[in-house]
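Visitor: okay, predicted coordinates and the sequence, questions at the end:
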Amino acid sequence: MSLVKDPLVQDPGRIRDLSAAIASGALTSEALVQRSLARIAEVDGQVQAWIHVLAEEALAQARILDAEAVKRGPLHGIPVAVKDVIDVRGLPTRANSASRANIAPATADATVVAHLRAAGAVILGKVHTTEYAYFAPVPPTRNPWDLTRTPGGSSAGSGAAVASGTVPLALGTQTAGSVNRPAAYTGTGAFKPSTLAIGGVGVVPLSPSFDTMGAFGQSAQDAAYLAAGYAAAHLCLPGATAAAPRIVVLEDAMLARLTVSGTAAAVASLAQTLRAAGLSVVTAPSPVALEDVLNTHRQVLLAEAGRTHANLPRDLISPRLAADIATGLAMSDAEYHAALRALSGFRAAFWAEFGPQDLILMPAAPDVAPADGTTGDPSFVIPMTALGGPIATLRAGLDGGMPVGALLCAAPGADARLAGFLFSDLATLLDL
């Protein structure tokens, strides 16, 4: 789905096309990295997505990959940006926090980065995040569609880097809504695998029950290619195929109350596009109240963030993070465990009502990216994160010149079903 572009917005290309060009010799990885470096020099002074750019290292790795006679797969030679809560060998992982200002460079890559290198990806550098991948303080990164607006968070730099055409793919993390919402706000695609399906060694934690590596690309298909490069083998993402899904447009009281008319219209138009393409599209009420899931997720997140970061120096972190750590530490184990049990019940009740071919469609956020100094409203993504399945962000069009995103969700463990649809000829035709 093509969107009207601001001069700071540029399509970095589809992975299927870039990969085919590299495989045929029509494009080299070195040329692709040079393209990214030139674009960073052109626009990142305004967008401010990047923290560290590994220009010489990336070019050297690209030349090595270009010399390999046998290409490693779809990610061979493709540049990737990495969110600054994820370790990249030789770079500090500061997580946008004064508490980590003097941390030494990482001596090893995070597991997810190592897997991407093994798949042939070129690590181009680090991009901005909110502090500890939480809410505040926000980084300097701006939305390429409108520099007065947020690109979302916490993976602000990841979404903005792809949207501004500086890199085809980017890694993020999602504990609440930190991959799927920034993708929606920046007019890019995303793929967040099933919650807890990917190991997080070498990644700064926030709430271990939810922390999951997520992928950004210009399209959701592109993002799925990146996720397939690092996902656990049992998810069966590489080369995934799937039968045509049934699209279930989710109805819920919170969605109805908060979704603005422009977002609702864009998501309805996307649903109609999918119906016109031959897919079965139905509506169904949410089996559980999403607001209840949202509130329970917050209880678990606070308890775990408090326990995970109990020893952070309070004078070197934001007041909000410090306050929420204190709130989490004040929660008893009994309260924490009760919230975990409640989430388990919500998951069972929700997914029991849907069939094996069902994919859930809903807005990614109530409205387009705001200009209020926050990273926006994550209340639509959070319940789906808590419900545990893979989540893709699809581009649903524009409202007032700003991107609208939609979530497409599958049941926990059904990552191959969602990715298989995104890799399908129909999704390619629709540029999902």
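Guide: That came through fine.
Visitor: CA only for contacts and neighbour counts going forward, please
Guide: Fine.
Visitor: helix, strand or coil for Ala38?
Guide: The three-state label for Ala38, taken from DSSP: H, G, I helix; E, B strand; the rest coil, comes out as helix.
Visitor: count of neighbours near it?
Guide: Using other Cα atoms under 10 Å, Ala38 has 12 other residues around it.
Visitor: list the contacts of the most centrally placed residue in the chain.
Guide: Centroid-nearest residue in the chain: Val179, 2.6 Å away (criterion: Cα atoms, centre = their mean). Neighbour list for Val179: Gly153, Ser154, Ser155, Gly159, Gly172, Thr173, Ala190, Phe191, Lys192, Gly214, Ala215, Phe216 [criterion: Cα atoms under 8 Å, 6 or more residues apart in numbering].
Visitor: now it. Its backbone dihedrals?
Guide: With angles defined as degrees, to the nearest 10, Val179 sits at phi -110, psi -60.
Visitor: distance check, it against Asn143.
Guide: Distance, Val179 to Asn143, using Cα to Cα, to the nearest Å: 15 Å.
Visitor: also Gly345?
Guide: Distance from Gly345 to Asn143, by Cα to Cα: 38 Å.
Visitor: and if you look at Thr375?
Guide: 11 Å.
Visitor: Glu42 now?
Guide: 15 Å.
Visitor: ok, Met384 next?
Guide: For Met384 relative to Asn143 (Cα to Cα), the value is 24 Å.
Visitor: show me how far stretch 46-60 is from its chain's centre.
Guide: 20 Å (Cα atoms, centre = their mean, to the nearest Å).
Visitor: what does stretch 44-58 give?
Guide: So, by Cα atoms, centre = their mean, the centroid of stretch 44-58 is 19 Å from its chain's centroid.
Visitor: one more: stretch 28-47?
Guide: With Cα atoms, centre = their mean, you get 21 Å for stretch 28-47.
Visitor: any residues touching it, and which ones?
Guide: By Cα under 8 Å, 6+ apart, the surrounding residues in contact with stretch 28-47 are 8, 21-22, 50, 55, 58-59, 62-63, 65-66, 76-79, 124, 141-144, 147, 160, 164-167.
Visitor: narrow the residues you listed to those that are buried.
Guide: 8, 22, 50, 58-59, 62-63, 65-66, 76-79, 124, 141-144, 160, 164-167 (16 or more other Cα atoms under 10 Å).
Visitor: surely Pro403 is in a strand?
Guide: Yes: under three-state DSSP, Pro403 sits within a strand.
Visitor: so who does it touch?
Guide: Leu3, Ala184, Tyr185, Thr186, Gly187, Val368, Ala369, Arg395, Ala396, Gly397.
Visitor: make it 10 Å
Guide: For Pro403, the contact set (Cα atoms under 10 Å, 6 or more residues apart in numbering) comprises 3-4, 145, 183-188, 263, 266, 367-369, 395-397.
Visitor: equivalent analysis for Ala348, please.
Guide: Ala348 touches Pro287, Val288, Leu387, counting by Cα under 10 Å, 6+ apart.
Visitor: let me have these in TSV, extended by distance to Gln221.
Guide: Shown next, in TSV, are the contacts of Ala348 (distance: Cα to Cα, whole Å):
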residue	distance to Gln221
Pro287	28
Val288	29
Leu387	22
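Visitor: so Gly13 touches Ser164, yeah?
Guide: No: using Cα atoms under 10 Å, Gly13 is not in contact with Ser164; the gap is 11.5 Å.
Visitor: which residues do these two both contact?
Guide: With Cα under 10 Å, 6+ apart as the test, Gly13 and Ser164 both reach Gln218.
Visitor: any idea how far stretch 329-342 is from the chain center?
Guide: 28 Å.
Visitor: what mean pLDDT does that stretch have?
Guide: The average of the pLDDT scores along stretch 329-342 is 98.
Visitor: and the contacts of it?
Guide: Contacts for stretch 329-342 (Cα under 10 Å, 6+ apart): 209, 292-293, 295-310, 323-324, 328, 343-346.
Visitor: make a PyMOL selection of the buried ones in these.
Guide: Buried members of the contacts of stretch 329-342, defined by 16+ other Cα under 10 Å, are picked up in PyMOL with:
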select buried, resi 209+293+296+297+298+299+300+301+302+303+304+305+306+307+308+309+324+328+343+346
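Visitor: for the helix or strand Arg16 falls within, packing partners?
Guide: If you go by DSSP states H and E, Arg16 is part of helix 15-24. Judged by 3 or more Cα pairs under 10 Å, 6 or more residues apart in numbering; DSSP states H and E, helix 15-24 is in contact with helix 29-47, helix 220-230.
Visitor: show residues contacting stretch 68-78.
Guide: Outside of stretch 68-78, the residues within contact range by Cα under 10 Å, 6+ apart are 15-20, 22-23, 27-33, 58, 61-66, 116-124, 167-169, 222, 225-226, 228-229, 238.
Visitor: same question, stretch 229-242
Guide: Against stretch 229-242 from outside (Cα under 10 Å, 6+ apart): 73-75, 111-121, 193-194, 197-199, 213-215, 224-228, 357, 413-424.
Visitor: please indicate which of these are buried?
Guide: Buried among the contacts of stretch 229-242 by 16+ other Cα under 10 Å: 73-75, 111-117, 119-121, 193-194, 197-199, 213-215, 224-228, 357, 413-424.
Visitor: in helices, which of those residues appear?
Guide: Using DSSP state H, the members of the buried ones among the contacts of stretch 229-242 that fall within helices are 111-117, 224-228, 415-422.
Visitor: tell me how far Pro383 lies from Thr166.
Guide: For Pro383, the distance to Thr166 - Cα to Cα - is 31 Å.
Visitor: no wait, Leu18
Guide: With distances taken as Cα to Cα, Leu18 is found 14 Å from Thr166.
Visitor: how about Leu321?
Guide: According to Cα to Cα, Leu321 and Thr166 sit 31 Å apart.
Visitor: next: Asp252.
Guide: 37 Å.
Visitor: go on, Gln34?
Guide: Taking Cα to Cα, one finds Gln34 at 10 Å from Thr166.
Visitor: quick revisit: now flag whichever of the contacts of Ala348 is closest to Ser379.
Guide: Ser379 lies nearest to Leu387 out of the contacts of Ala348, by Cα to Cα, at 13.2 Å.
Visitor: what's near enough to touch the closest one?
Guide: Leu387 sits in contact with 194-195, 210, 290, 293-294, 297, 343-351, 409-412, where contact means Cα under 10 Å, 6+ apart.
Visitor: out of those residues, which sit inside helices?
Guide: 290, 293-294, 297, 343-351.
Visitor: need those residues in JSON lines with distance to Asn102, can you?
Guide: As requested, the ones in helices among the contacts of Leu387 are exported to JSON lines (distance: Cα to Cα, whole Å):
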{"residue": "Leu290", "distance to Asn102": "41"}
{"residue": "Val293", "distance to Asn102": "38"}
{"residue": "Leu294", "distance to Asn102": "35"}
{"residue": "His297", "distance to Asn102": "32"}
{"residue": "Leu343", "distance to Asn102": "38"}
{"residue": "Ser344", "distance to Asn102": "40"}
{"residue": "Gly345", "distance to Asn102": "43"}
{"residue": "Phe346", "distance to Asn102": "42"}
{"residue": "Arg347", "distance to Asn102": "41"}
{"residue": "Ala348", "distance to Asn102": "44"}
{"residue": "Ala349", "distance to Asn102": "46"}
{"residue": "Phe350", "distance to Asn102": "45"}
{"residue": "Trp351", "distance to Asn102": "45"}
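Visitor: perfect, that will be all.
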